[in-house]
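Q: Need coordinates for the below:
(2 chains)
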Number of protein chains: 2
Amino acid sequence: MDTLILKKRKPWNYTGSPTVSSAGRHSSIPKTVMASVQTLLATFRRFQPTVEGFRWETVPLKQYKPEGTHFRDITRQVLFGPESGLPAELRYFEVAPGGYSTFERHAHVHAVLILRGRGRAIVGEQIFEIAPFDLIHIPAWTWHQFQADKNETLGFLCMVAVDRDRPTRPTPEEAQQLRRHPIIGPYVRL
Amino acid sequence: MDTLILKKRKPWNYTGSPTVSSAGRHSSIPKTVMASVQTLLATFRRFQPTVEGFRWETVPLKQYKPEGTHFRDITRQVLFGPESGLPAELRYFEVAPGGYSTFERHAHVHAVLILRGRGRAIVGEQIFEIAPFDLIHIPAWTWHQFQADKNETLGFLCMVAVDRDRPTRPTPEEAQQLRRHPIIGPYVRL
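A: Next up, the predicted model:
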């Protein structure tokens, strides 16, 4: 893994003086910085967008099935997991155009910041149209779902406690009630 | 506070049907959604950028002194604080061109995601040139400082545990050593 990453990096251009060029990123950071590769990789991970979506150095992509029974076209990347030494994790979810996350609820809360694209957030009995850098708080035991617009890739950060319960999906009875709801009924994807 | 916020919002255009327009944001969300203003404000907060910098609905700005003895031109906004019910907070820091954060260290760790602009991060004995969406992990007891480029406003998210220790700054002896460091010495602002 480390070898692979090092091969992908540009060669270090050690000039002998500890200058940092503003022209090329990282190009002139002295070789001595590489003393500990593990530390380097853990400390700094570069953003590496692709045509498939947002990606980061050394961050594995969790590809959900392209189409499940209760979600569609969504991927997850754990940007800061339990190994970071924090009691919370920061994950990045990306939903392809027309895709959506699982409609679910649980005891733990979510703190969300939209990073790219537009779409809708269903939170309890409310629907919000969402755009980059908007903030959404999902309270405990509140139904929620994120949906990308038809022509937009929706990406968002989600902060969550390391210790948390498993999400639950609507029972058949709840699903029936939700579909009849005057506000969110027409939008829920169960 | 609530009254002020409501006055700032566009009037709700209730059409009688629970449709969500993709043309105007929030313009056609039904009136019934407003049943609980408190819930609404806590659940969804819109991004409201200004010429002075990134801002969010109802998020107070903590303006540091324009120039302190050990930091310059930096503001803080707590996007998700302890009231969110999470064991961690998500803060947004914005550093004006040429500004910098306090050079400090502490037992708690930071998980940082750059949101706008370019600059440098000093982490321990390393310097990283940083750009939007890059990730930086500050380990425990590691000296660190964020510096904006001369012509760039640098904005970043910082995830931190709710329960944490106070930062410490270099002693006169440490400051002397840091200034002599071959890599970070020329860059530290103490």
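
Q: What segments of chain A are helices?
A: A:2-8, A:37-43, A:172-179 (DSSP state H).

Q: Which of those has the lowest mean pLDDT?
A: Looking at the helices of chain A, the lowest mean pLDDT belongs to helix A:2-8 (a mean of 31).

Q: Do a quick rundown of the strands in chain A.
A: Here chain A has its strands, by DSSP state E, at A:44-45, A:62-63, A:72-80, A:88-100, A:110-116, A:119-123, A:126-130, A:135-138, A:144-148, A:154-161.

Q: Quick one: neighbours of residue A:154, just the number.
A: 30 (other Cβ atoms under 10 Å in any protein chain shown). Backbone N, C-alpha and C define where each C-beta goes, glycine included.

Q: should've said residue A:90
A: Residue A:90, neighbours per other Cβ under 10 Å, totals 25.

Q: That one: what's it in contact with?
A: By Cβ atoms under 8 Å, 6 or more residues apart in numbering or on different chains, residue A:90 lies in contact with A:78, A:79, A:80, A:157, A:158, A:159, B:111, B:113, B:159.

Q: which regions of chain A sit below the pLDDT cut-off?
A: Within chain A, the segments meeting pLDDT under 70 span A:1-41, A:64-69.

Q: let's see it at 50
A: Within chain A, the ranges that satisfy pLDDT under 50 run A:1-41.

Q: Near residue A:140, how many other residues are there?
A: Neighbour number of residue A:140 under other Cβ under 10 Å is 12.

Q: Sorry, slip of the keys, the one I care about is residue A:170.
A: 18.

Q: which residues sit in contact with it?
A: Counted by Cβ under 8 Å, 6+ apart, residue A:170 has contacts A:103, A:143, A:178, A:190.

Q: Dump these to a markdown table, plus distance to residue B:130 and neighbour count.
A: Listed next are these as a markdown table, based on distance: Cβ to Cβ, whole Å; neighbours: other Cβ atoms under 10 Å in any protein chain shown:
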| residue | distance to residue B:130 | neighbour count |
| --- | --- | --- |
| A:103 | 37 | 24 |
| A:143 | 38 | 20 |
| A:178 | 43 | 18 |
| A:190 | 42 | 15 |
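
Q: and of those, the nearest to chain B?
A: Set against chain B, the nearest of the contacts of residue A:170 by Cβ to the nearest Cβ is residue A:143 (12.2 Å).

Q: excluding its backbone neighbours, what's nearest the closest one?
A: residue A:105 (4.8 Å; Cβ to Cβ, 6 or more residues apart in numbering or on different chains).

Q: in the sheet, who's paired with residue A:156?
A: residue A:93, residue A:114 (DSSP bridges).

Q: if we can go back for a sec, show me which pair in the contacts of residue A:170 is furthest apart.
A: A:143 and A:190 (10.1 Å; Cβ to Cβ).

Q: what do these two both touch?
A: What both residue A:143 and residue A:190 touch, as defined by Cβ under 8 Å, 6+ apart, is the set A:103, A:170, A:178.

Q: contacting residues for the last one?
A: Going back to what we said before, that points to residue A:178. Residue A:178 touches A:103, A:143, A:170, A:184, A:185, A:188, A:190, counting by Cβ under 8 Å, 6+ apart.

Q: how close does the closest residue to residue A:92 other than its chain neighbours sit to residue A:123?
A: Of all residues not flanking residue A:92 in the chain, residue A:77 sits nearest, at 4.7 Å (Cβ to Cβ, 6+ apart). Residue A:77 is 23 Å from residue A:123, where distance means Cβ to Cβ, to the nearest Å.

Q: what's the answer for residue A:46, then?
A: 33 Å.

Q: of these two, who's got more company?
A: residue A:123 (24 against 18).

Q: give me the beta-bridge partners of the more buried one?
A: According to DSSP bridges, beta-bridge pairing links residue A:123 with residue A:126, residue A:144.

Q: Return the residues in contact with it.
A: Here residue A:123 is in contact with A:136, A:138, A:142, A:143, A:144, B:43, B:44 (Cβ under 8 Å, 6+ apart).

Q: rerun at 6 Å
A: A:138, A:144, B:43 (Cβ atoms under 6 Å, 6 or more residues apart in numbering or on different chains).

Q: Residue A:180 too?
A: Applying Cβ under 6 Å, 6+ apart, no residues contact residue A:180.

Q: what's the distance between it and residue A:172?
A: On the measure of Cβ to Cβ, residue A:180 and residue A:172 end up 13 Å apart.
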